[in-house]
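J.: Model the structure of this input:
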Amino acid sequence: MIIFSLAFIFLVLGYLFYSKYVERVLGVDENRKTPAIKYNDGVDFVPMPIWRVFLIQFLNIAGLGPVFGAILGAVYGPVCLLWIVFGCIFAGGVHDFFSGMLSLKYKGKSIVYLTEKLFCKYFKIIFLIFFVGLLILLGTVFAINPAKMLANISHTSLNLWICVIFGYYFLTTLLPVDKLIGRLYPFFALLLIVMTCALMFMLIKSGVTFYPDLTALNLHPNHANIFPLLFVTVACGAVSGFHATQSPIMARCLPNEKNGRAIFYGAMVTEGIIALIWATLGIAFYQQTGGLLNAIDKLGQGGVVSEISTGLLGHTGGILTVLSIIVLSITSGDTAFRSIRITIADFLHWEQKSIPKRLLLSTIILSCGVLLSRINLTTLWQYFGWANQALSSLVLWTVTYYLMKKHKNFYITLIPAIFMTSVVVSYIFQVKIGFNLSSQVSNIIGILVSLLFAIIFFLNKNPDKK
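T.: As a prediction, this is how the structure comes out:
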């Protein structure tokens, strides 16, 4: 309990103090009109109350990430808490704050737009392809998985539920942000928070030892390497490139820049707390990492969540948790497709107040998702974790370059950028779906490549170029 409390306190202190410093580095002008006010079109640019924007941002970046990822990370033992806490404060919070605030400062556009301003249009095109491809894959998988769960529960056709979910996706992609997303998502976010807190309360009440083997050593039963595997496994609870795709959605709804720290950095810290709780639940409920891994192999992450919830909250709690998993998965998928529409519209310079243009983009994007749902995505999905963290490193490098050009302290993003680069390079060289090299060789390659990126960065500094 003491270790959990300390981890929780560190996350809160990170928000209270480090996020303020990060905010000072960027600078905030509360008198400047935000995109929501300046470009209010009643569709994507719509001012909304701060509490609503916060809950939607939290749900958009969270979904199942801080639940499933944290459970998988818990297999390594309490050491995963270090990554959740320090990753969230010094990498994830910084990543989310800048991706959201730069969108706020640049007409509500995504990080893709900033790459063209800083680099060149060709880099922007490459970034756009990677960006869109990643989101279509994520959105499709987050439609298929809940469709399977709904089909099993209701004993009806899988194809029926896929059609229903994609129909819902079409509405949330097409309709103004304040119609479905603005009205429903705050309640879904509260559902995640309330259910997680209820589970934590019951865990405390049960009196079990939170971390039976309290050590920073690797407790993975199969001795899987902590570096780089843990840092890809636990993404949304620490740092995730997916968040950069979601921040512009709420950057277009924020009424004042002064609220950016609470919305972007604050939502990331809240997600870190959710990940901290679920990692603790995974370790405490099964007491041994071997037992947790066996449960994951047998039941899957969703089954483990259901088993923990049923064990602590009873049958009703288990049912509510399964339903919340379905809801959270769907809400991750639909905002992924909405983000694609917004990003492509920016690239084509298509204003989205026009229903025909919005309808055309939504139809094309969702059609790609439907077609993708008809093929086996198992192999392709295995690359998602790597691609997600690769995107986070690209975003951090882009922000670092921006800060350098603006004569600001770029080390706050440079250090996590170097670290995440070493993670993603080492990972792809080490895992079976990559080059399958030894951990020693792959780690050396990862470190060398990250240092090479840093050297190239410093050699190409041009402080006078704006």
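J.: where do the helices sit along the stretch 1-150 of the chain?
T.: Counting by DSSP state H, counting those that start in this stretch, the stretch 1-150 of the chain has these helices, from start to end: 2-13, 19-26, 35-38, 50-62, 70-74, 79-87, 93-105, 111-118, 121-154.
J.: Would you mind telling me which of those is nearest residue 360?
T.: Residue 360 lies closest to helix 121-154 among the helices of the stretch 1-150 of the chain, at 15.8 Å (CB to CB). Backbone N, C-alpha and C define where each C-beta goes, glycine included.
J.: Low-confidence regions, this protein specifically.
T.: Applying pLDDT under 70 to the chain picks out residues 461-466.
J.: Can you check which helix is longest in it?
T.: Across the chain, the longest stretch assigned as helix under DSSP state H is helix 289-348.
J.: Now do it against helix 121-154, angle only.
T.: Here the directions of helix 289-348 and helix 121-154 differ by 130 degrees (axes from the mean of the first three to the mean of the last three CA atoms, to 10 degrees).
J.: what angle do helix 289-348 and helix 50-62 make?
T.: 110 degrees.
J.: just how off-centre is helix 289-348 within its chain?
T.: Relative to its chain's centre, helix 289-348 lies at 13 Å (CA atoms, centre = their mean, to the nearest Å).
J.: Ramachandran coordinates for the nearest residue to residue 359 once chain neighbours are set aside?
T.: For residue 359, ignoring the flanking residues on the chain, the nearest one in space by CB to CB, 6 or more residues apart in numbering is residue 174 at 6.4 Å. In terms of degrees, to the nearest 10, the main-chain angles of residue 174 are phi -90, psi -40.
J.: these two touch, right, residue 174 and residue 356?
T.: No: counting by CB atoms under 8 Å, residue 174 stays clear of residue 356, with 11.2 Å between them.
J.: what about these two, which has more around it?
T.: Neighbours per residue, other CB atoms under 10 Å: of residue 174 and residue 356, the larger number sits with residue 174, 21 against 7.
J.: right, and the helix or strand after the longest helix of the chain?
T.: Where DSSP states H and E defines the elements, the next helix or strand beyond helix 289-348 is helix 355-372.
J.: Show me which positions of that next one end up buried.
T.: 358, 361, 362, 365, 366, 368, 369, 372 (16 or more other CB atoms under 10 Å).
J.: what two of those are the furthest from one another?
T.: The largest separation in the buried residues of helix 355-372, counting by CB to CB, is between 358 and 372 at 21.5 Å.
J.: how about the closest residue in space to residue 244 that isn't next to it in sequence, what does it touch?
T.: Distances taken as CB to CB, 6+ apart place residue 99 nearest to residue 244, at 3.9 Å, with adjacent residues excluded. With contact taken as CB atoms under 8 Å, 6 or more residues apart in numbering, residue 99 is in contact with 111, 243, 244, 247, 248, 264, 395, 399.
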